[in-house]
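Engineer: sharing a model that was predicted from the sequence below.
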Amino acid sequence: MNDIKISVLGSDGVGKSALIVRFLTRRFIGEYASSSECIYRKLLSVDGRQVNLQLYDPCSQACEGKPTLNDQIHWADGFIVVYDISDRSSFLTAKAIVRLIRELQLRSAKRDVDSFIFLVGNKQDLCHVREVQHEEGQCLATELRCQFSELSAAEHYQEVTLVFSKTVQNTSLSGKAKDRRRRPSGSKSMAKLINNVFGKRRKSV
């Protein structure tokens, strides 16, 4: 059984955890305890093959032993890079992350094929306070060879599922999952995920 490793990256508060939880449990959370990085696992069938999906969610707070962004990038086979359409600074951070992924890929002799990146503009339900236009996200995705979607984790379950499904499928097709890399700490089961989601300690996303 192949492992497929996806890092979900972006600024604090853009909704990374909310997107992951929405995909895994169908439930939307407006607050989330994120005091440590986590890896969530889910068995999926991709083109008739069973794969073990690992989703990396970096902690938003300062964490002891937290992997660097470079570590998070080297670990992953594919990426979902998230920004908040109502926060321009998060868009600039997302742009910097995607550029770094591409730069590190060029420096690595093993990376002869582009890593799959899905750029996601989250919080479309806040379009009345939008700071990043849809066209800006689309243009950035085209420039840096990414897929692009603008959605709301709060309102668009099907769109969230499509983002993760396309990322898994394209990452699997690229063959990157065969390259074993260092795993960030913090692997957690679905039971632990649900405990985090509905536990007492929560942090706004």
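Structural biologist: That came in fine, so what should we check first?
Engineer: where do the strands sit along this structure?
Structural biologist: For the chain, the strands defined by DSSP state E occupy 2-10, 38-46, 49-57, 78-84, 116-122, 147-150, 187-188.
Engineer: quick one: low-confidence ranges for the chain?
Structural biologist: By pLDDT under 70, the low-scoring segments of the chain are 1, 31-36, 59-66, 109-113, 175-205.
Engineer: which residues does Gln50 bridge with?
Structural biologist: On the basis of DSSP bridges, Gln50 takes part in beta bridges with Ser45.
Engineer: that one contacts Lys42, correct?
Structural biologist: No - with contact defined as CB atoms under 8 Å, Gln50 does not count as touching Lys42 (11.2 Å). Any C-beta I mention is one placed from the backbone N, CA and C, and that applies to glycine too.
Engineer: who's more crowded, the two?
Structural biologist: Lys42 (16 against 10; other CB atoms under 10 Å).
Engineer: any idea how far that one lies from Gly121?
Structural biologist: Lys42 is 24 Å from Gly121, where distance means CB to CB, to the nearest Å.
Engineer: and Leu106, by the same measure?
Structural biologist: Distance of Leu106 to Gly121, computed by CB to CB: 26 Å.
Engineer: can you tell me how far the closest residue to Leu144 other than its chain neighbours is from Gln124?
Structural biologist: Excluding the flanking residues, the one nearest Leu144 by CB to CB, 6 or more residues apart in numbering is Val98, at 4.9 Å. Here Val98 is placed at a distance of 20 Å from Gln124 (CB to CB).
Engineer: Ile39 pairs with what?
Structural biologist: Note on Ile39: beta-bridge partners by DSSP bridges are Tyr56, Ser187.
Engineer: so it sits against Pro58, correct?
Structural biologist: No - between Ile39 and Pro58 there is no contact under CB under 8 Å: 10.2 Å.
Engineer: looking at those two, which is more packed in?
Structural biologist: Per other CB under 10 Å, whichever of Ile39 and Pro58 has more neighbours is Pro58, with 23 against 19.
Engineer: Leu9 is in contact with the more buried one, correct?
Structural biologist: Yes - here Pro58 reaches Leu9: they are 6.9 Å apart, a contact under CB under 8 Å.
Engineer: overlap in contacts, the two.
Structural biologist: 16, 72 (CB atoms under 8 Å, 6 or more residues apart in numbering).
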